[in-house]
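Asker: generate a structure from the sequence data that follows.
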Amino acid sequence: MDRNRVQELHYITPLANLASILQHGIVSHNRAAALSHLSIANESVQDRRADKQVPGGMQLHDYVNLYFDARNAMMYDRRGMRETMVVLRVAHSVLETPGVVIADGNAASSGTKFGASPAGLASLDPERVYAHS
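Answerer: Below you'll find the predicted structure:
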């Protein structure tokens, strides 16, 4: 994927978490554990992520999970909560932050590959990332 194609990133969260996000920012799963918050995470997915180490990086739960497109499997799975959720738009410049890692699929899946940003964008197929279905 060409870096110029990425206009923004997305973060899916319950509306109830907005006050905390305004105060503390968007934080990783592990940092959120110390804050009062509402989780919409799928616990079976979180269990798979709990022990996952990003090659050359930290534990997966030490990263903030952003999406290139919020129209994804998580949003579909949580569609019944749409009245109480929000998608936050995150500046694409976050891709330039040292330590940012890009996954070429669901980060909890065993076949997913990780690459440093922005070079990791090369492994992404924009037609799949931004597909409508």
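
Asker: show the model's pLDDT score for Arg48.
Answerer: For Arg48, the model assigns a pLDDT of 88.

Asker: could I get the full set of helices for this structure?
Answerer: Taking DSSP state H as the test, the helices found in the chain are 18-24, 29-32, 43-50, 73-77, 126-129.

Asker: highest average neighbour count across these?
Answerer: Using mean count of other Cβ atoms under 10 Å, the stretch among the helices of the chain with the largest mean neighbour count is helix 29-32, at a mean of 16. Where you see a C-beta, it was placed from the backbone N, CA and C, and this is true even at glycine.

Asker: that one packs against which elements?
Answerer: Packing partners of helix 29-32 (3 or more Cβ pairs under 8 Å, 6 or more residues apart in numbering; DSSP states H and E): none among the helices and strands.

Asker: re the thing from before, indicate which one of the helices of the chain is closest to Leu95.
Answerer: Smallest distance to Leu95 across those (Cβ to Cβ): 13.5 Å, for helix 126-129.

Asker: then that closest one to CSV, C-alphas only?
Answerer: Taking only C-alpha atoms (Å, rounded to 0.1, in the frame of the first residue of the first chain), the coordinates of helix 126-129 have been written out as CSV:
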residue,chain,number,x,y,z
PRO,A,126,-5.1,-1.7,-0.3
GLU,A,127,-8.0,-3.4,-2.2
ARG,A,128,-8.4,-5.8,0.7
VAL,A,129,-7.8,-3.2,3.4
